[in-house]
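**Q** sequence first, predicted model second:
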Amino acid sequence: MPTILSVSSHYLNYLNLQLLVPIPYPLSPNQMLTFKPKAQDLVNIDSGNLNDIVVDVQHLNHYFGKGNLKKQVLFDINLQIGKGEIVLMTGPSGSGKTTLLTLSGGLRSPQEGSMKVLGVEMVGASKRKVIEVRRNIGYIFQAHNLLKSLTAQQNVQMAGQLHPQMSSKEIKERATQMLDAVGLSERKSYYPDNLSGGQKQRVAIARALMSHPKLVLADEPTAALDSKSGREIVEIMQKLAKEQGTTILMVTHDNRILDVADRIVHLEDGCLAQNDVLTVSDS
Ligand SMILES: Nc1ncnc2c1ncn2[C@@H]1O[C@H](COP(=O)(O)OP(=O)(O)OP(=O)(O)O)[C@@H](O)[C@H]1O
């Protein structure tokens, strides 16, 4: 009898997936998991709306808490991010970076002002619309959220399940291609526990970019890594994003990686410093 592994429902919700069968543990490296997107979520983004502005934030305010405990954490944010742009967001702890990132990713509902992501107004958007947007976004977090019971290859393949137009064969091929691109050709059948921190983060990048997302949101992806691995991670992200025309919004405290940005924006006490343009030298 195989042991039945319970997959966190939080994790599946995050991927907007529904588990069709219990997962026997451990899976053999070649085994393919069967998930399907929840039927009501099968709607596509109309990329005709995009006009090359991927994130368009106007006069956005955000509050936590209610009544006497209500506290404003974002103040009149205005930010436009174009197609293929790599924008780094810096700022002191508590300045609102993660809040702005999670709002941009449809992981939190914006309340006031306007926030268009991939052409969709997220203020007041239905759950269905939000899920539709999220399917076109790749997320990379400091905690890589890999499933321990799945190999590197299977973890990456899971992201392909969000896209019903991709056949199982295509999903497998694309996952292999992405793991090759992040330099993990020799580690595809490894489980996360047998990978280093940098290697796990590479798997997370391969997973985030697996289905050609239009937007990648990364929250301190190098925080847990030594400087060499951190550098490698952002360079891989930069290269893949430029090749695929993907937009990246990345929160970072890591001064050593600022040069990968096309633009740096700075948050201070919930306010965005505007026109903080980085001049990247070619030398
Ligand atoms: N769920 C929440 N409920 C209430 N307050 C929150 C919540 N999440 C964040 N905050 C508050 O909102 C403010 C901004 O937090 P946020 O996590 O966005 O900052 P940050 O710039 O990402 O910080 P760090 O660099 O430390 O991660 C902080 O004052 C924080 O305490």
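**A** Here it is on my side, so go on.

**Q** so for this protein, the centremost residue is which one?
**A** Geometric centre of the chain, nearest residue: Y139, 1.2 Å, by C-alpha atoms, centre = their mean.

**Q** for the helix or strand harbouring that one, give the mean pLDDT please.
**A** Counting by DSSP states H and E, the element that carries Y139 is strand 137-141. In this model, strand 137-141 carries a mean pLDDT of 88.

**Q** the following helix or strand past that strand versus strand 137-141: what angle between them?
**A** Note on strand 137-141: by DSSP H and E, the next helix or strand toward the C-terminus is helix 152-160. Counting by axes from the mean of the first three to the mean of the last three C-alpha atoms, to 10 degrees, helix 152-160 lies at 140 degrees to strand 137-141.

**Q** helices and strands around the helix or strand just after helix 152-160, which ones?
**A** The helix or strand immediately downstream of helix 152-160 is helix 168-181, counting by DSSP H and E. Applying 3 or more C-beta pairs under 8 Å, 6 or more residues apart in numbering; DSSP states H and E, one finds that helix 168-181 contacts helix 152-160, helix 197-209. (C-beta placed from N, C-alpha, C; glycine too.)

**Q** what helices or strands is the shortest one leaning on?
**A** By that I understand helix 152-160. Using 3+ C-beta pairs under 8 Å, 6+ apart, the elements in contact with helix 152-160 are helix 168-181, helix 197-209.

**Q** ranking those by burial, who's on top?
**A** helix 197-209 (a mean of 24; mean count of other C-beta atoms under 10 Å).

**Q** now that one, how far from the centre of its chain.
**A** 11 Å (C-alpha atoms, centre = their mean, to the nearest Å).

**Q** close to the ligand: what parts of the stretch 1-150 of the chain are there?
**A** F64, G65, V73, G91, S93, G94, S95, G96, K97, T98, T99 (C-beta under 6 Å from any ligand atom).

**Q** farthest-apart pair in those, please.
**A** Farthest-apart pair in these is G65 and G91; separation 21.0 Å (C-beta to C-beta).

**Q** those two: who's more crowded?
**A** G91 (21 against 10; other C-beta atoms under 10 Å).

**Q** what sits against the more buried one?
**A** Contact partners of G91, counting by C-beta atoms under 8 Å, 6 or more residues apart in numbering, are K97, H266, L267, E268.

**Q** got the contact list for the closest residue to it other than its chain neighbours?
**A** Closest residue to G91 apart from its sequence neighbours, by C-beta to C-beta, 6 or more residues apart in numbering: L267 at 3.5 Å. Going by C-beta under 8 Å, 6+ apart, L267 touches M89, T90, G91, S95, G96, K97, L100, A273.

**Q** for L267, give the beta-bridge partners.
**A** For L267, the beta-bridge partners under DSSP bridges are L272.
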